[in-house]
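1. sequence unknown, structure follows:
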């Protein structure tokens, strides 16, 4: 079947999607309510809780020290990792905080910070812990 829409010739099968079609002037990319619900359900509740907590702590830290949380830069992230190291947080907790910050940037359609410096700082922390007999 051929059909012309907005001056473009479309060829192929027409599939009727029902009443959930966007208005003609709506953005062409959108999520239906069902897709949004499935995406939300795709993340475990414990992960959402941990990420909420990690993001709140990061935002508070940024506000306290005058950094920008969103979007944050590479050095901001490295400084935050150093703060968590000084606080004696576990490497897994620090790694989760980094993942949370990257996820929040992705969800907000912001450029993700480069994690190279933060990952090096975390690696240095792990080496120190291993030298001190940590397992």
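-> Right, received. Where do you want to start? Quick caveat, the model's predicted, so the values are computed rather than measured.

2. State the helix or strand in which the residue nearest in space to the middle of the chain lies.
-> Nearest to the mean C-alpha position of the chain, by Cα atoms, centre = their mean, lies residue 103 at 1.0 Å. Using DSSP states H and E, residue 103 sits in helix 91-107.

3. Could you do residue 76 as well?
-> Assigned by DSSP H and E, residue 76 falls in helix 74-86.

4. number of nearby residues for residue 81?
-> 24 (other Cβ atoms under 10 Å). The C-beta positions use only the backbone N, C-alpha and C, and glycine is treated the same way.

5. Test for you: state the pLDDT assigned to it.
-> pLDDT recorded at residue 81 is 97.

6. got the contact list for it?
-> By Cβ atoms under 8 Å, 6 or more residues apart in numbering, the residues touching residue 81 are 94, 97, 98, 118, 121, 122, 125.

7. my guess is the third one meets residue 77, correct?
-> What it means is residue 98. Yes - using Cβ atoms under 8 Å, residue 98 is in contact with residue 77, at 7.0 Å.

8. who touches both of these two?
-> 115, 118.

9. Can you show me the helices along this structure?
-> 33-41, 45-65, 74-86, 91-107, 116-131 (DSSP state H).

10. quick revisit: for the contacts of residue 81, which one is nearest residue 61?
-> Closest approach to residue 61 among the contacts of residue 81 (Cβ to Cβ): residue 97, at 9.9 Å.

11. residue contacts, that closest one?
-> 54, 57, 58, 80, 81, 84 are the contacts of residue 97 under Cβ under 8 Å, 6+ apart.
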